[in-house]
Every structure is written in structure tokens, then in C-alpha cells.
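S.K.: Pasting the sequence and the predicted coordinates here, then a few questions.
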Amino acid sequence: MTRIGVTGHQNIPPEARAAVSRLARDALAEHPSLVAVSSLAAGADQIVASAALAAGGALMLIVPCVHYRSTLSGDDLKRYDRLSAVAIDVELLPFDQPSEEAFMAAGKRVVDVSEHVLAIWDGLPAAGYGGTADVVEYARGLGREVTVIWPPGVAR
């Protein structure tokens, strides 16, 4: 099975969600036997994890910290709980509270255990340490193949 690491924006404009979902499904279709590796953050992580499961793939969860669930609410928290319940492997990192350091450590771990990285990214710099741009830079620095998808003409 190919491990596909997932990184991407949490705040995907509503008008872009369907396009991101379609682009993710198309990118994942290139890997008939896959495990999506994700922290299941709101937005891109949950969209790609759902697409991977719908395609018959599996899910590996990297949890950035003990109190990670506190960063989610509403439908994002419900999706996190639903998706995490079907993960075939769960790895909890040694951080207690949510922080940029915990999120970057999780992004690095996603990359470290993956053969390929799928980035739902508009190409702009990260808003904070551990954001999508930082994870993409880390992956490229390791020589990982990175597929970047983002709907044309969409701004966050």
C-alpha cells in the first residue's frame, strides 16, 4: 500500500470545497492501494481522508497533541471523530497542548511515514509555523514527491 501524506489549508472557501474534493479524488485515483496519512484537521485533511476511504483506501492518524480535539468544533469535530474511529493506525505525538510546534511536528511525521505527499495548497506562505507551506517545504527537502492541487482562480 502506498502511504499518501496529507497537508492542506483548513479554511477552504465554500465555493472551492467541491472542486478540492474532486481534485483530491482524481489525485488519489492514481494510487489504487493507499493509506492516507493525516492529522484530520478541518478542511483539506478531512476532505482528503474522506475521499481516500470512499476510494477503498485506509487511514493512518497522526495526532499532534493530547488535547488536539479542542481545536475542532461543530461539524469538523464530528467528522474528526467519525474518521478517527476507522483509522487503522493512530500515533499520538508527545505534546500536551495544541501549538505551532505540535502542528509542525505532526506535519513532519506525516511526511516522514509517507512515500508521496498530497498538498491542498494555494501556493502562498504559511500563516503560522507548521502551516501547509512549511510542510511542503519539509517534504521537498526530503525529496518526497509532492502533488499540489488547488482550484484555479480561487483565493482564500
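M.R.: Yep, that arrived.
S.K.: what's the spacing between the one helix or strand V90 maps to and its chain's center?
M.R.: Following DSSP states H and E, one finds V90 within strand 89-92. Distance of strand 89-92 from the chain centroid (C-alpha atoms, centre = their mean, to the nearest Å) equals 14 Å.
S.K.: just stretch 62-74 next, same as before
M.R.: 14 Å.
S.K.: What lies in contact with the helix or strand where V117 lies?
M.R.: Assigned by DSSP H and E, V117 falls within strand 116-120. Outside strand 116-120, the residues that touch it by C-beta atoms under 8 Å, 6 or more residues apart in numbering are 2-9, 12, 20, 23-24, 27-28, 31, 43-44, 47-48, 110-111, 132, 135-136, 139, 144-150. Where you see a C-beta, it was placed from the backbone N, CA and C, and this is true even at glycine.
S.K.: hmm, back to that, list the buried residues in the helix or strand that comes right after the strand holding V90.
M.R.: Going down the chain from strand 89-92, the next helix or strand is helix 100-112, by DSSP H and E. Within helix 100-112, the residues scored as buried using 16 or more other C-beta atoms under 10 Å are 102-111.
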